[in-house]
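>>> A predicted structure for the sequence below; I have some questions about it.
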Amino acid sequence: MSSEQQRLTVSVVIATKDRPHLIAGLFEALAIQTLPPDEVVVVDNNSRASYASVFDAFRARLPLHTFVETTPGIPAARNRGVRESRHQIIAFADDDCVPEPDWLEKLTEPFYRDPHIGAVGGTTSNYGSSDTLIERYYRADRGAMES
Amino acid sequence: MIIDITHCRFAPGYLPKATHGFFNPFFAGVNVAFRREALEAAGDYDPKCVTGEDVDMSIRVSRAGWELWFEPAAVVRHHDPRTFAGLLRQWYGYGLSTPYIYKKHVGRRRLQIYRAGDAADRTRPYRARCIADLPSPFYGLVFLSAYHLMHLALLALLIGALARSPVASMIAGVVALSAGLYYASIRFEWRHPLRSLGMLAMRYAADTAFVAGSLLGGIRERALFIQATRTR
């Protein structure tokens, strides 16, 4: 990022459903980003499980904005998240994922490089250290399996 | 297969613009950032997409004139253990969702026949080659692969046997066996035969889930969809 360029502000948008136990891992990773997000928009897609305690646990460490979207499905949840977000870059993260500490820094860097870049995608490096056949299969086929 | 376009992501850089129909490279929704103007130009995520809303969005952002940049250093890790049922669900879902996205973006009615590029070569971008692009009364997308040849030959073998034609049965049998052996040989490691057989079984299951999902998704969209994972 050149010093003359204005800093781009970043919203992280997370759509989630019934995974309060997993989202803590994502929040923890967002709280230690080398480039801290300007806001974290969480859209609860009408979960039965309660997120109250995990939201409370991270409110002091993350600029959390939480919403409930009753229309089911990822598209509706993401649209709500985009609508509620306020910043220039919108980064999406999934509730069952853990970004590396420099994730947001690396993901937003290219936007400074070329004003025509509208989207930046990263690598989803899976899959625990387990040596089960299924984990091996995912590793061998990564690229094809990313989603 | 459109999933496999992600395979062009091997080095940082601009994703290539589409060459055929809806064969746009795309970013999975799990790890992507947008410039707000680009998202606004593209419009909302399509609620009709059960899965593949990320594919659809990448296509629309690209067609709205924006560049897509792949940054491999931006890393996200899954921490959910993978399961066999999850693998099947994933590929079935991909299959089910692609005919809708295809119809939405390809424009006119065509029957397109594709052959997968060499997915084993990781030093070069993944390519799907369009072998034929024909005018057609219906939307169609057919992949030719060893998987499909093997099953067609098995069907021919069955018909040959029912018709009591030994010559036809023999030819079909030889073709089915050759295609099957080729399919099994892809990435088979002789040093680890058991593990390779396990991997083969999983690939076969994933291919079958993908083909079944895409056939059904195609029927829903009144289109002929016979897809293949990136294996040839």
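Looks like it came in fine.

>>> contacts and neighbour counts: CA atoms only from here.
Fine.

>>> Report the next helix or strand after the one helix or strand A:Glu109 maps to in sequence order.
In this structure, A:Glu109 sits in helix A:103-113 according to DSSP states H and E. Next in sequence after helix A:103-113, counting helices and strands by DSSP H and E, comes strand A:117-124.

>>> That next one: partners in the sheet, and parallel or antiparallel?
strand B:31-35 (antiparallel), strand B:67-78 (parallel) (DSSP bridges).

>>> Please identify the buried residues of whichever helix or strand comes after the longest one?
Once the chain leaves strand B:67-78, the next helix or strand it forms, by DSSP H and E, is helix B:84-106. Within helix B:84-106, the residues that count as buried by 16 or more other C-alpha atoms under 10 Å in any protein chain shown are B:87-103.

>>> on that earlier part again, nearest to A:Phe58 among the strands paired with strand A:117-124 would be which one?
Closest to A:Phe58 of these is strand B:67-78 (C-alpha to C-alpha; 20.1 Å).

>>> What segments of the chain are strands?
Here I'm looking at chain A. Using DSSP state E, the strands of chain A run over A:10-16, A:39-44, A:64-68, A:89-94, A:97-99, A:117-124.

>>> ah, I was thinking of chain B
B:13-14, B:31-35, B:67-78, B:110-116, B:128-135, B:139-144, B:223-226.

>>> Out of those, indicate the one that is most buried.
Ranked by mean neighbour count, these are led by strand B:31-35 with a mean of 26 (mean count of other C-alpha atoms under 10 Å in any protein chain shown).

>>> what angle sits between that strand and helix A:103-113?
If you take axes from the mean of the first three to the mean of the last three C-alpha atoms, to 10 degrees, strand B:31-35 sits at 40 degrees to helix A:103-113.

>>> starting at the chain centroid, how far to strand B:31-35?
Relative to the centre of its chain, strand B:31-35 is centred 23 Å away, using C-alpha atoms, centre = their mean, to the nearest Å.

>>> Disregarding residues adjacent in the polypeptide, which is nearest to residue 49?
Let's take chain A. A:Asp18 (5.2 Å; C-alpha to C-alpha, 6 or more residues apart in numbering or on different chains).

>>> Chain B was what I was after
With C-alpha to C-alpha, 6+ apart as the criterion, B:Cys49 has its nearest non-adjacent residue at 6.6 Å, and that residue is B:Ser97.

>>> Pull up the gap between that neighbour and B:Gln90, please.
Using C-alpha to C-alpha, to the nearest Å, B:Ser97 is found at 11 Å from B:Gln90.

>>> which residues touch the residue positioned nearest the centre of chain A?
Nearest to the geometric centre of chain A sits A:Ala93, at 2.0 Å (C-alpha atoms, centre = their mean). Listed by C-alpha atoms under 8 Å, 6 or more residues apart in numbering or on different chains, the contact partners of A:Ala93 are A:12-15, B:29-32.

>>> ok, what's across the strand from it?
Beta-bridge pairing for A:Ala93 (DSSP bridges): A:Ile14, B:Asn31.

>>> now the strands of chain A in CSV, with mean pLDDT?
Output for the strands of chain A, formatted as CSV (pLDDT from 0 to 100):
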stretch, mean pLDDT
strand A:10-16, 97
strand A:39-44, 98
strand A:64-68, 97
strand A:89-94, 96
strand A:97-99, 93
strand A:117-124, 91
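
>>> In CSV: the strands of chain B, plus distance to A:Pro101.
Below are the strands of chain B laid out as CSV (distance: least, C-alpha to C-alpha, whole Å):
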stretch, distance to A:Pro101
strand B:13-14, 22
strand B:31-35, 14
strand B:67-78, 9
strand B:110-116, 36
strand B:128-135, 35
strand B:139-144, 40
strand B:223-226, 41
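
>>> can you redo the ones you listed as TSV with mean pLDDT?
What follows is these, written out as TSV (pLDDT from 0 to 100):
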stretch	mean pLDDT
strand B:13-14	81
strand B:31-35	94
strand B:67-78	89
strand B:110-116	82
strand B:128-135	82
strand B:139-144	88
strand B:223-226	90
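
>>> Select, out of those strands, the one closest to A:Gly81.
Going by C-alpha to C-alpha, the one of the strands of chain B nearest A:Gly81 is strand B:31-35, 12.9 Å.

>>> how about the CA coordinates for the closest one, as PDB?
The C-alpha coordinates for strand B:31-35 follow below in PDB (Å, rounded to 0.1, in the frame of the first residue of the first chain):
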ATOM      1  CA  ASN B  31     -12.500 -17.000   1.000                       C
ATOM      2  CA  VAL B  32     -13.300 -13.900  -1.100                       C
ATOM      3  CA  ALA B  33     -13.400 -10.200  -0.800                       C
ATOM      4  CA  PHE B  34     -15.200  -7.700  -3.100                       C
ATOM      5  CA  ARG B  35     -14.900  -4.000  -3.700                       C
END
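
>>> Give me the contacts around it.
Looking at strand B:31-35 with C-alpha under 8 Å, 6+ apart, the contacting residues turn out to be A:88-94, A:107-108, A:111, A:117-124, B:75-76.

>>> count of neighbours near the closest residue to B:Leu87 other than its chain neighbours?
Here the nearest residue to B:Leu87 in space, its sequence neighbours aside, is B:Ala206; by C-alpha to C-alpha, 6+ apart that works out to 6.7 Å. Residues contacting B:Ala206 under the criterion other C-alpha atoms under 10 Å in any protein chain shown number 21.
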